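Engineer: here is my input; please provide its structure:
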Amino acid sequence: MKALVARLDSFGDVLLAGPAVRAVAARADHVTLFCGPRGAPAARMLPGVDDILVWDAPWAGFQPPPVDRAQIDQLVDAIDADTALILTSYHQSPLPTALLLRLAGVRHLAADSEDYPGALLDVRHRRAPHAHEAEAALDLAAAAGFPLPEDDDGCLRVRPAPLTDHLTGGGPYVVVHPGASARARMWSPGRSAEAVRLLADAGHRPVVTGGADERALTAFVAGDTGLDLGGHTGPAQLAGVLAGAAVVVTPNSAPAHLAAAVGTPVVSLFAPVVPAERWRPYGVPYVLLGDQDAPCADSRARHCPIPGHPCLDTVTAHDVLAAVEKVLVEKGLPS
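Structural biologist: Reported below is the predicted structural model:
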């Protein structure tokens, strides 16, 4: 049986689909992960994936492309699957993807859908109202005939990460990842820089990570006391850096989910623009910081609509230090 799992969103979304992908892979002969360009690097890291089909869907992402009939025809011709699982977030419709897969001849389709699907779905599943995204995907997979194997713990997972001692140096360290894809989810750079200084003063070794487009941010946050790895890690190398960390301090962003996938505890600076119950770090110890009842709650805002960014900037560097040391004590490490 050839199976396809669709998750057309970002890097972190694809990571959260990992347990469901493994559930499908346990019963299918071949698994294709159908994803968008931003999710493709994560797709390449997931156990259970045999092939990747990448397409920038006009109904997904923050800057969706225009509809292109020729591209859609090429995509339909490229799809080769007997059954498919369409994974979406709670606010998205799976039906555009289902229509494409039907046109491609996929015989059995399953998805969570509040909208009437007509002939587009064989399994119209209803997700639990407050389920974490990873759990919702697993529930859908089970409803479609792909239960998680008993020997699988259902946690996030990626393929083995490379060793990164040449980047981080020897000895224990704490990662601070200040960036996020949406500014509304970020702690202010000044607060992040203060946390790095305070961590260093308390005897921890801060390592600051970020993408190539975040080098100015990571340099500022690292200052004179943190190790600046901004722009020095691709996805696999970042996984290795996070795997070697004692704790990761990060907003609700892809590195939070990547840290969980390599088993590292997270101090999560969580802006409530999306619900923490659905998007918090999954399957690892975590401390959630931020006012979850702030006026921006559930707004899905990408830029903070409230002056002063109170949901996160009421969190202090001392709060972060206390959270880091709480996690270290729980891990049995010196704080």
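
Engineer: kindly list the longest helix within this structure.
Structural biologist: Secondary structure assigned by DSSP state H gives helix 317-331 as the longest helix of the chain.

Engineer: by contact count, what packs against that one?
Structural biologist: The contact analysis (3 or more C-beta pairs under 8 Å, 6 or more residues apart in numbering; DSSP states H and E) places helix 317-331 against helix 189-201, strand 247-251, strand 266-269, strand 286-289. The way it works is simple: take the backbone N, C-alpha and C, and place the C-beta from them, glycine included.

Engineer: put together a markdown table for those, with mean neighbour count and distance to Ala98 on each row.
Structural biologist: As requested, those are exported to a markdown table (neighbours: other C-beta atoms under 10 Å; distance: least, C-beta to C-beta, whole Å):
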| stretch | mean neighbour count | distance to Ala98 |
| --- | --- | --- |
| helix 189-201 | 20 | 41 |
| strand 247-251 | 29 | 33 |
| strand 266-269 | 29 | 33 |
| strand 286-289 | 20 | 34 |
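
Engineer: so which of these comes closest to Glu150?
Structural biologist: Across the helices and strands packed on helix 317-331, the minimum distance to Glu150, taken as C-beta to C-beta, is reached by strand 286-289, at 25.8 Å.

Engineer: buried ones in the following helix or strand past the closest one, by neighbour count?
Structural biologist: Heading C-terminal from strand 286-289, the first helix or strand you meet, by DSSP states H and E, is helix 310-313. Neighbour counts over helix 310-313 (16 or more other C-beta atoms under 10 Å) mark 311-313 as buried.

Engineer: chain center to helix 310-313: distance?
Structural biologist: Averaging C-alpha coordinates over helix 310-313 and over its chain gives two centres that are 22 Å apart (C-alpha atoms, centre = their mean, to the nearest Å).

Engineer: in contact with Pro255, which residues?
Structural biologist: Taking C-beta atoms under 8 Å, 6 or more residues apart in numbering as the contact definition, Pro255 lies against 175, 177, 209, 238, 242, 248.

Engineer: kindly report the same for His108.
Structural biologist: Taking C-beta under 8 Å, 6+ apart as the contact definition, His108 lies against 82-84, 122-123, 144.

Engineer: buried ones only from those, please, as a PyMOL command.
Structural biologist: Typed into PyMOL, the next command selects the buried ones out of these (criterion: 16+ other C-beta under 10 Å):
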select buried, resi 83+84+122+123+144
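
Engineer: if we can go back for a sec, keep only those of the contacts of Pro255 that are in strands.
Structural biologist: When the contacts of Pro255 are checked against strands (DSSP state E), the matches are 175, 248.

Engineer: got a winner among the contacts of Pro255 for most neighbours?
Structural biologist: Across the contacts of Pro255, the neighbour count under other C-beta atoms under 10 Å reaches its highest value at His177, namely 32 neighbours.

Engineer: show me what contacts that residue?
Structural biologist: The contact partners of His177, by C-beta under 8 Å, 6+ apart, come to 208-210, 248-251, 253, 255.

Engineer: do that again at 6 Å, thanks
Structural biologist: 209, 250, 255 (C-beta atoms under 6 Å, 6 or more residues apart in numbering).

Engineer: returning to what we had before: need the contacts of Pro255 in TSV with pLDDT and distance to Cys296, can you?
Structural biologist: Putting the contacts of Pro255 into TSV (pLDDT from 0 to 100; distance: C-beta to C-beta, whole Å) gives the following:
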residue	pLDDT	distance to Cys296
Val175	98	26
His177	97	21
Thr209	98	26
Leu238	98	28
Leu242	98	28
Val248	98	24
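
Engineer: for the contacts of Pro255, which one is nearest Ala42?
Structural biologist: For these, with Ala42 as the reference and C-beta to C-beta as the criterion, the closest is Leu238, at 11.0 Å.

Engineer: what's the distance between the closest one and Leu269?
Structural biologist: Counting by C-beta to C-beta, to the nearest Å, the gap from Leu238 to Leu269 is 18 Å.

Engineer: likewise Arg69?
Structural biologist: Counting by C-beta to C-beta, the gap from Arg69 to Leu269 is 43 Å.

Engineer: please apply the same query to Ala259.
Structural biologist: In this structure, Ala259 lies at 13 Å from Leu269, with C-beta to C-beta as the measure.

Engineer: hey, where'd the helices end up in this structure?
Structural biologist: Applying DSSP H to the chain gives helices spanning 11-16, 18-25, 40-43, 69-78, 95-103, 133-143, 165-168, 189-201, 215-222, 235-244, 254-261, 276-279, 310-313, 317-331.

Engineer: weakest of the ones you listed in terms of mean pLDDT?
Structural biologist: Per-segment mean pLDDT for the helices of the chain reaches its minimum on helix 310-313, at a mean of 89.

Engineer: helices and strands around it, which ones?
Structural biologist: Judged by 3 or more C-beta pairs under 6 Å, 6 or more residues apart in numbering; DSSP states H and E, helix 310-313 is in contact with no other helix or strand.

Engineer: residues in contact with Tyr173?
Structural biologist: Tyr173 neighbours (C-beta under 6 Å, 6+ apart): 205, 207, 245.

Engineer: kindly recompute the last result at 10 Å.
Structural biologist: Counting by C-beta atoms under 10 Å, 6 or more residues apart in numbering, Tyr173 makes contact with 199, 204-207, 226-227, 241, 244-247.
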